[in-house]
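A.B. asks: Okay, here's the prediction I keep looking at, along with the sequence it came from:
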Amino acid sequence: MKEKVQINQFNFRQYAWSQFKKNKQAYFSLWVLGFLALVALLAPIIANDQPLYCNYKGHTLFPAFSFENTYELKMEDGSEEKIQLDIAKWKQMKLESVIWAPVPYAPNKSDFLNADFVAPSGKQYFQDASGQMVDMPSRFRHRLGTNKKGEDVLSGLIHAARISLTIGLIAMGVAAIIGLILGAMAGYFGDHKLSTSFGRFWVFVLGLPFAYYYGFMVRSDALSDAIGTSGGAFLVQLMISLVLVAVILLAASYLGKLIGKLPLLNWKKNIPVDALVLRMIEVLNSIPRLILIISIAAIAKPSILNLMLIIGFTSWTGIARFTRAEFLKIRNLEYIQAGQSLGFTEGRIIFKHALPNGVAPALVAIAFGIASAILIESSLSFLGIGVPPDVVTWGSLINSGRENYSAWWLVIFPGLAISITLAVYTLMGEGLRDATDPKLKT
Amino acid sequence: MLKYIVRRILVFVPTLIAITLLGFVIMISAPGDPVERMVSAAQSGGEIGTQTANQIEQKKFWSRKLGLDLPIFYFSLNTLAHSDTLYRIYDRNERSALSRLTNQYGNWSAISAYFSAIDALNQAHSSLKVDSSMAAGYSLDEVKEDVNKSYFESSALKATYSETVINAKLDALDEIYQAPYMSSFRDKLSVVREKLQAVKETATPWKVYVPVVNFYPQNQYHRWIFGDGNWLTGKGSEFTEGVIRGDFGTSYRTKMPITEVIGIKIFWSFFFTVVSVLMGYLVSIPLGIQAAVHKDSRFDRISSIIVFILYSIPGFFAATVLLMTFANPDVLHWFPASGVEPVQGFGVDAGFFERWSARLPYLILPGISYTYSSFAFLSRTMRVSMLEIVNQDYIRTARAKGLAENAVIYKHMLRNALLPIITVFANIFPVAIGGSVVLEVIFTIPGMGNEVYQAIVNQDYPMVVAVLTITGILTLVGYLVSDVLYAVADPRISYGK
């Protein structure tokens, strides 16, 4: 039995974490972010127009937690009553006992009695169970007012937090994957270190159009039909295409390995990975981000997911640059050379040994990147480009306030929400930077 | 140095090509049919589903004018089953139906024979004269309706690719042709059926799985870049001279040449960009210096907090709040809410001073918003780059040799701290072309940002792509210039090796 030897050595991760904790602003930001994430996660419970629990004519119901949209209730007299959860007027029903969500409104359902910009402190009306118009009971007040259509602003704010946070996560997730891989390869291989045989290189390059041809061209009808049916069907078809592409590329790679052993074709061929990646970064950086993103968003179908992907595919350059710089340093360190002399594959060295050590600067870029992704999303939804009109976001709330400048509550609250989120991510980015690279401490 | 610049320009070319390719890809993948759009803009009306001869002529003209009758790129990857002349079909629906049929049956010649049979059937309608002598015992309206229906169905057949739908349409036509006055169409329809049968019998679906590469010296990309005349001199061009000679085509929305539109619109964007950068520099450089020199003083802490707060507040939120407060009749109505000058315009004899004093109230709020966005960014950059220099050896040396503090700061530190900020200035042109989309939309400034927004809302893609390409090119030039300036300003940077 090998005993695990405990060596009291310097652990970078623990050191960085303790440094991060010492930075009060950054640590506080982490808590604020945690709170925002909690709000986003629990949004349907915090703000919902359906009761969390109610007792209706002897039936115990949990409408907010129900996966089905209709209840079929058997009454005592043998009759049956159907309740459609999303259109039932719960507030006017005679409920024996009820627990409402803290904010008893859904984000995009109109309260017609309080439409047309009702202020948080203004006069609000309510229709009680007997159909009488009365003053709003304080339990049901629109605490942050309503917009033109009578939608509750607070509920919109809470549900929009989900969109903002997922935009940050998914867009930057995509960007991080692309940026880390490309940056690591560019920094590790440079222009001269990745070489293969002449034959293998060209077989692989020739394999690319074949992969595209069988993956996408032959299947173009199936793919475009799937887009028309549903997002899920499209994803399935896309996966099939991608698998085909991967299989063909693998086959080309192995075929190339064999062909590359032939005489004349076994000359060494350098692949200038670094130069290629730097050119890609230059092209993307030379076009103003917002203009590039709105141009692509304008031709894509308006949807939040598309927007996230577009932002992700155009925002990886910063991450790639930081990772590349870090890998330029790392590639000459002893442990990499040790790995190479032990005969590890390049993939294993890059992703298993070097990447965990070189990820710190990328984390900083990711934190700042999330802030800018959220800013871009809110600018786009403010302009109404790329976001479906029925989705409530912080940007679209501010935009709805532009119709009527007296409705300050439509501008101030979402604006503050955006500002706080941006500030939190920026502070965390700075905290991470200071914690992981003491030289940069300002 | 010269060697560096030459090498830099050589790298510049492939990047430039990549940018034009990116723009081109966005343009051709835009939804909607530009030919349809131009034709329907030129003349609206006409019965649904029918195309007059005039409309078809128009379509042909526009597809030639926009260059859509050309293949897309220098080479294309295609299937053996497809013809490489498919792009010549100007109608988008017809093209897609043909392509799908080819994917199903894989025999282009039989399919095109089937299509020409449908065409023959379709054209028979125009030679048909509908009058009361055609059929005794039927009302004229009835006859007309049947002819229209038959025309509609046979046109729709050209855009149909699913076998069941095709059969249903053929059966519907059969039923219409039962009437005695439609008898002349019967044999034409039977030809169509025969050809369809031939398509099915001679089907070679395996051909779809064999790739073929075709090359085209004349194509849409080539035409977009070099124009439709001589590619080098531009002589003999009929519709476009090409991007290389500054011809980005016509805006769908305004029907004006795009370069002309940019020439008009760039003024205000440029004006606000320059003003904001200058104002930003004026405030942020001294602020950054003071904060860095007296690091951790109260001034530093308070200014850092304020700058940080400003940095976190998005520009469009700040601008909306400004409008809400200072251009709102209910609160303070100090400034007008939109535009850059009085709506009624100026008198003919209004002088320069008069014009600008009338414009001034319109410019204050946008000016503040523009400056605001650049100010927060510049101060932070300035403070960080000053802080990096404060602890350098040469600063200690300067102090040690007894220089006055001000001389150390303004002579030795400032010059080096300014370097990162040069980049901002090198990018001022591309930034002005792109305009600040959000701010210009909020304040209704007739600048480039607003133009881009309008172009996107109205699906005016040539405009969008032109802005994208021009900003890309100008930014690259900006990078080049700032690299050279860096080398000039900082002797430590050498590009020799």
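C.D. replies: In hand now; what should we look at? Residues are numbered from 1 along each chain as shown, chains lettered A, B, ... in the order given.
A.B. asks: can we go C-alpha only for contacts and neighbour counts from here?
C.D. replies: Will do.
A.B. asks: Helix, strand, or coil at residue B:137?
C.D. replies: The three-state label given to residue B:137 by DSSP: H, G, I helix; E, B strand; the rest coil is coil.
A.B. asks: Next secondary structure after the helix-or-strand element of chain B with minimal mean pLDDT?
C.D. replies: The weakest-scoring helix or strand in chain B, judged by mean pLDDT, DSSP states H and E, is helix B:419-426 (a mean of 67). The element immediately downstream of helix B:419-426 (helix or strand, assigned by DSSP states H and E) is helix B:428-434.
A.B. asks: What average pLDDT does that next one get?
C.D. replies: Helix B:428-434 shows a mean pLDDT of 71 in the predicted model.
A.B. asks: helices and strands around it, which ones?
C.D. replies: If contacts are counted by 3 or more Cα pairs under 8 Å, 6 or more residues apart in numbering or on different chains; DSSP states H and E, helix B:428-434 sits against helix B:258-293, helix B:448-457, helix B:461-489.
A.B. asks: how does it look with 6 Å?
C.D. replies: Here helix B:428-434 touches helix B:258-293, helix B:461-489, going by 3 or more Cα pairs under 6 Å, 6 or more residues apart in numbering or on different chains; DSSP states H and E.
A.B. asks: Comparing these, which comes out most buried?
C.D. replies: Mean neighbours per residue, mean count of other Cα atoms under 10 Å in any protein chain shown, is largest over those for helix B:461-489, with a mean of 21.
A.B. asks: Residue A:190 touches residue A:274, doesn't it?
C.D. replies: Yes. Counting by Cα atoms under 6 Å, residue A:190 does reach residue A:274; the two are 4.8 Å apart.
A.B. asks: thinking again about what came up before, what would the helices and strands packed on helix B:428-434 look like in JSON lines with distance to chain A and mean pLDDT?
C.D. replies: Listed next are the helices and strands packed on helix B:428-434 as JSON lines, based on distance: least, Cα to the nearest Cα, whole Å; pLDDT from 0 to 100:
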{"stretch": "helix B:258-293", "distance to chain A": "9", "mean pLDDT": "86"}
{"stretch": "helix B:461-489", "distance to chain A": "5", "mean pLDDT": "81"}
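A.B. asks: among the ones you listed, which is nearest residue B:169?
C.D. replies: Nearest to residue B:169, of all the helices and strands packed on helix B:428-434, is helix B:461-489, at 36.4 Å by Cα to Cα.
A.B. asks: between the closest one and helix B:448-457, how many degrees?
C.D. replies: Computed by axes from the mean of the first three to the mean of the last three Cα atoms, to 10 degrees, the angle separating helix B:461-489 from helix B:448-457 equals 150 degrees.
A.B. asks: helices or strands up against helix B:461-489?
C.D. replies: Using 3+ Cα pairs under 6 Å, 6+ apart, helix B:461-489 is in contact with helix B:419-426, helix B:428-434.
A.B. asks: where's the residue nearest to residue A:170 when sequence neighbours are not counted, which helix or strand?
C.D. replies: Nearest in space to residue A:170, with sequence neighbours left out and distances taken as Cα to Cα, 6 or more residues apart in numbering or on different chains, is residue A:308 at 6.3 Å. Under the criterion of DSSP H and E, residue A:308 resides in helix A:304-314.
A.B. asks: buried stuff in that helix?
C.D. replies: Residues of helix A:304-314 classed as buried by neighbour count (16 or more other Cα atoms under 10 Å in any protein chain shown): A:304, A:305, A:306, A:307, A:308, A:309, A:310, A:311, A:312, A:313, A:314.
A.B. asks: Next one: the fourth one from chain B, what distance?
C.D. replies: Meaning residue A:307. Noted for residue A:307: a distance of 15 Å to chain B, by Cα to the nearest Cα, to the nearest Å.
A.B. asks: and if you look at residue A:194?
C.D. replies: Distance of residue A:194 to chain B, computed by Cα to the nearest Cα: 21 Å.
A.B. asks: Need the helices and strands packed on helix B:428-434 in TSV (columns: distance to residue A:353).
C.D. replies: Listed next are the helices and strands packed on helix B:428-434 as TSV, based on distance: least, Cα to Cα, whole Å:
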stretch	distance to residue A:353
helix B:258-293	39
helix B:461-489	35
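A.B. asks: out of those, which comes closest to residue A:324?
C.D. replies: Of all the helices and strands packed on helix B:428-434, it is helix B:461-489 that lies closest to residue A:324, at 20.0 Å by Cα to Cα.
A.B. asks: Next, the angle helix B:258-293 makes with the closest one.
C.D. replies: Orientation of helix B:461-489 against helix B:258-293 (the same axes, to 10 degrees) gives an angle of 40 degrees.
A.B. asks: Off-centre distance for helix B:461-489?
C.D. replies: Put simply, helix B:461-489 sits 17 Å off its chain's centre (Cα atoms, centre = their mean, to the nearest Å).
A.B. asks: I figured residue A:367 hits residue A:429, correct?
C.D. replies: Yes. Assessed by Cα under 6 Å, residue A:367 is found in contact with residue A:429 at 4.9 Å.
A.B. asks: Mind listing what's buried along stretch A:152-170?
C.D. replies: A:152-170.
A.B. asks: re earlier: show me what the helix holding residue A:308 packs onto, helices and strands only.
C.D. replies: Going by 3+ Cα pairs under 6 Å, 6+ apart, helix A:304-314 lies up against helix A:172-189.
A.B. asks: Report the buried residues of the helix it packs on.
C.D. replies: Neighbour counts using 16+ other Cα under 10 Å place A:172-189 of helix A:172-189 among the buried residues.
A.B. asks: Residues touching it, excluding its own?
C.D. replies: Outside of helix A:172-189, the residues within contact range by Cα atoms under 6 Å, 6 or more residues apart in numbering or on different chains are A:273-274, A:312-313, A:315-316, A:319-320, A:323-324, A:327-328, A:331.
A.B. asks: Next, the angle from that helix to helix A:304-314.
C.D. replies: If you take the same axes, to 10 degrees, helix A:172-189 sits at 20 degrees to helix A:304-314.
A.B. asks: Can you pull out the residues in contact with the helix or strand following helix A:172-189?
C.D. replies: Remark: after helix A:172-189, the chain's next helix or strand is strand A:195-197, criterion DSSP H and E. Here strand A:195-197 makes contact (Cα under 6 Å, 6+ apart) with A:260, A:266, A:267, A:268, A:269, A:270, A:271.
A.B. asks: and strand A:195-197, which strands flank it?
C.D. replies: Strand pairing for strand A:195-197, using DSSP bridges, gives strand A:268-270 (antiparallel).
A.B. asks: How far off centre is the partner strand?
C.D. replies: 39 Å.
A.B. asks: Could you list the buried residues of that strand?
C.D. replies: residue A:269.
A.B. asks: Report the mean confidence score over that strand.
C.D. replies: Taken as a whole, strand A:268-270 has an average pLDDT of 83.
A.B. asks: in the chain, which ranges drop under the pLDDT threshold?
C.D. replies: Picked chain A for this. By pLDDT under 70, the low-scoring segments of chain A are A:1-10, A:437-442.
A.B. asks: that's the wrong chain, I meant chain B
C.D. replies: For chain B, applying pLDDT under 70 flags the ranges B:40-52, B:130-136, B:419-426, B:434-435, B:489-497.
A.B. asks: who touches the helix holding residue A:308?
C.D. replies: Counting by Cα under 6 Å, 6+ apart, A:167, A:171, A:172, A:174, A:175, A:387 sit against helix A:304-314.
A.B. asks: Can you report phi and psi for residue A:125?
C.D. replies: Residue A:125 adopts backbone torsions of phi -110, psi 160, taken as degrees, to the nearest 10.
A.B. asks: again, but for residue B:367
C.D. replies: phi -60, psi -40.
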